[in-house]
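Enquirer: Sequence first, predicted coordinates after that:
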Amino acid sequence: MSKGRILVVEDDADISNMLKIYFTGQGYDMEMSKRGGEALTLTQQQLPQLIILDINLPDMDGYTVCRTLRTNMRTKHIPVIFLTEKDDRSDRIAGLELGADDYITKPFDIEELRLRIQNAIAAAERMGLTDPRSGLPSGRLIEDQLREMIRRPEWAYFDIRISFFEAFREKYGFVAADEVLRFTAMMMSDVVDNTGNADDFIGNAGNDNFVIISTPEKAPAIKETLEKRFNEEVKTHYSFVDREQNGVKIDDGTGGEKLVKLMMIAAGPVTSKDKEFSDIREITESAAEARRKAQQANAGTAVSPGTGVST
């Protein structure tokens with residue numbers, strides 16, 4: 001199981017290759033970039049658990065990359081470690097003032113860097129900042145975004161859950177289930193990039209439960225595209241036999257088997273234009289109810305124990 005995804009932004013090929021080989025061997029998924037602009041694009045497509053960022057890059061300096069990350073709702077929580085030849089006190093202070101989590105100068109001790117990376121990722125997970133499987137913001141960061149959202153004049157909030165996820169995990173195991181969560185996070189980011197706004201928020205509230213914060217005018221396109229893409233693309237996670245029978249057979253609890261449908265996304269949006277909401281709890285409860293209705297539609301029946309629907 002991966003320890004997390006690290007994005008290395010470094011134009012020195014020797015250092016970049018060394019980091020990739022070493023940390024891949026340590027169990028991390030590595031993404032490499034030589035340019036700051038490319039790194040920002042990669043970060044939007046799939047959130048890393050941590051970024052190792054050189055200051056001297058061909059297209060923009062690392063300070064600009066870090067500043068951009070910290071001003072975007074979807075990336076401002078990602079731990080950043082500056083890796084650079086600059087050792088002046090003013091350079092270190094400049095990096096830390098921008099919100100970098102650490103600062104290491106070249107040449108560096110690879111074991112020290114490993115420990116700093118391990119500690120930074122663990123700290124983010126311990127504080128409930130990110131989900132370790134999807135890499136998306138969770139817990140406290142979602143709560144912070146909700147408090148910020150309700151102060152805006154217009155907003156759209158989605159409560160999203162994967163229907164029939166538990167049946168898939170029972171049949172295929174937790175490793176395959178975790179891969180579905182990572183796929184969902186990447187797919188949602190792509191959908192929001194193409195149909196939403198640049199600073200829309202995506203979070204993982206826990207296990208197979210996700211949230212999106214956008215704007216009312218973007219909500220219909222996000223919902224339609226998200227459901228259409230997930231329901232088609234998730235089929236690649238199933239065997240040919242299960243795709244053909246449109247479901248998985250699992251124990252029905254009485255010694256027999258029951259067929260549970262292929263996974264589907266159930267999205268429940270509410271917006272500031274629906275009605276006047278008094279507080280965050282009312283918003284989340286309304287979105288959860290809208291999501292449950294979408295799950296019932298997926299199941300083709302009312303939600304009840306044994307339907308395979310996760311509520």
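Expert: Yep, it's here.

Enquirer: going forward, measure contacts and count neighbours with C-alpha atoms only.
Expert: OK.

Enquirer: List the buried residues in the one helix or strand residue 104 maps to.
Expert: In this assignment (DSSP states H and E), residue 104 forms part of strand 102-105. By 16 or more other Cα atoms under 10 Å, the buried positions in strand 102-105 come out as 102-104.

Enquirer: Just name the closest of these to residue 79, please.
Expert: When the buried residues of strand 102-105 are ranked by distance to residue 79 (Cα to Cα), residue 102 comes first, at 8.4 Å.

Enquirer: where's that closest one relative to residue 84, distance?
Expert: Residue 102 sits 11 Å away from residue 84, taking Cα to Cα, to the nearest Å as the criterion.

Enquirer: Also residue 136?
Expert: With Cα to Cα as the criterion, residue 136 and residue 84 are 27 Å apart.

Enquirer: Repeat that for residue 237.
Expert: Remark: distance between residue 237 and residue 84 (Cα to Cα) = 41 Å.

Enquirer: And for residue 26?
Expert: For residue 26, the distance to residue 84 - Cα to Cα - is 22 Å.

Enquirer: any weak-confidence spans in the stretch 51-200 of the chain?
Expert: Counting by pLDDT under 70, the stretch 51-200 of the chain has low-confidence residues at 86-88, 128.

Enquirer: Where do the strands of it begin and end?
Expert: In the stretch 51-200 of the chain, the strands defined using DSSP state E, counting those that start in this stretch lie at 80-84, 102-105, 156-163.

Enquirer: State the number of residues packed around the closest residue to residue 169 other than its chain neighbours.
Expert: Excluding its sequence neighbours, the residue lying closest to residue 169 (Cα to Cα, 6 or more residues apart in numbering) is residue 177, at 5.3 Å. As a burial measure, residue 177 scores 22 neighbours (other Cα atoms under 10 Å).

Enquirer: centroid residue for the protein?
Expert: Centre of the chain computed as the mean C-alpha position; nearest residue by Cα atoms, centre = their mean is residue 136, 2.8 Å away.

Enquirer: How about the contacts made by that residue?
Expert: 47, 130, 185, 202-204 (Cα atoms under 8 Å, 6 or more residues apart in numbering).

Enquirer: rerun at 7 Å
Expert: By Cα atoms under 7 Å, 6 or more residues apart in numbering, residue 136 lies in contact with 47, 130, 203-204.

Enquirer: Sitting in helices, which of those do you find?
Expert: Residues of these located in helices (DSSP state H): none.

Enquirer: Which of those sits closest to residue 31?
Expert: Nearest to residue 31, judged by Cα to Cα, of the contacts of residue 136 is residue 47 at 10.6 Å.

Enquirer: Go ahead and confirm that closest one touches residue 135.
Expert: Yes - here residue 47 reaches residue 135: they are 5.9 Å apart, a contact under Cα atoms under 7 Å.

Enquirer: elements contacting the host helix or strand of residue 298?
Expert: Element membership of residue 298, judged by DSSP H and E, is helix 280-299. Contact here means 3 or more Cα pairs under 7 Å, 6 or more residues apart in numbering; DSSP states H and E; on that basis helix 280-299 packs against strand 156-163, strand 264-271.

Enquirer: buried ones in that helix?
Expert: Across helix 280-299, burial judged by 16+ other Cα under 10 Å covers 283-284, 286-288, 290-296, 298-299.
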